[in-house]
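S.K.: sequence and computational prediction follow.
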Amino acid sequence: MKKDFVMRGQTASGQTEVLNFSGFKPGMAYRLTEFELYPSTGIGSSSIELMGTITAGKIAVAPSDPNFNNEGLIGTCQQTASSNPAYPSGSNTVINDTFLITQNLILMVLETNNGDPVNWQCRFESVKMTGPEEAVANYRQFTISDE
């Protein structure tokens with residue numbers, strides 16, 4: 001039976017958070033299934049442009065400059081809203097939901113209009129692994145974070 005859990009918080013624009021998986025159980029991994037951003041101030045009364053990234057790498061990936069060739073980049077999200085009809089509102093999220101997480105992740109957010117803090121929420125699903133799957137997942141994430 002798969003179990004979901006949520007991590008969420010508010011992070012200052014341009015700053016990072018560590019999503020802590022250090023207490024994981026042997027034979028278990030986690031899969032990112034959802035990544036959402038939400039403004040923290042002026043909701044409904046101003047324009048917003050929010051961006052965020054989640055990486056398994058050693059350093060954060062700049063949300064304003066994601067590179068999908070970066071194997072450690074496992075999630076990116078962008079949300080825009082404007083009162084000006086010339087700039088359509090919308091949200092885009094790309095998640096590598098095949099990446100099995102066994103170590104800590106780094107989340108970075110950016111709000112480009114006012115520099116306000118950004119609310120974020122991530123949903124993860126637990127995945128049971130066999131011994132060989134666990135070895136491969138641990139090795140893969142280690143090599144990514146060791147670059």
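M.R.: That came in fine, so what should we check first?
S.K.: please count neighbours and contacts with C-alpha atoms only from this point.
M.R.: Noted.
S.K.: who's in contact with the residue nearest to residue 101 when sequence neighbours are not counted?
M.R.: Using Cα to Cα, 6 or more residues apart in numbering and skipping the chain neighbours, the partner closest in space to residue 101 is residue 30 (4.9 Å). Residue 30 is in contact with 100, 101, 102, 124, 125, 126, 127, counting by Cα atoms under 8 Å, 6 or more residues apart in numbering.
S.K.: cool, residue 8 as well?
M.R.: Taking Cα under 8 Å, 6+ apart as the test, what residue 8 contacts is 119, 120, 121, 122.
S.K.: give me the nearest residue to the last one, chain neighbours excluded.
M.R.: Once its chain neighbours are removed from consideration, residue 122 has its nearest residue in residue 35; the separation is 4.6 Å (Cα to Cα, 6+ apart).
S.K.: wait, that neighbour touches residue 93, no?
M.R.: Yes - counting by Cα atoms under 8 Å, a contact exists between residue 35 and residue 93, whose distance comes to 6.9 Å.
S.K.: can you list residues touching both of those two?
M.R.: Here residue 35 and residue 93 share the contacting residues 75, 76, 77, scored by Cα under 8 Å, 6+ apart.
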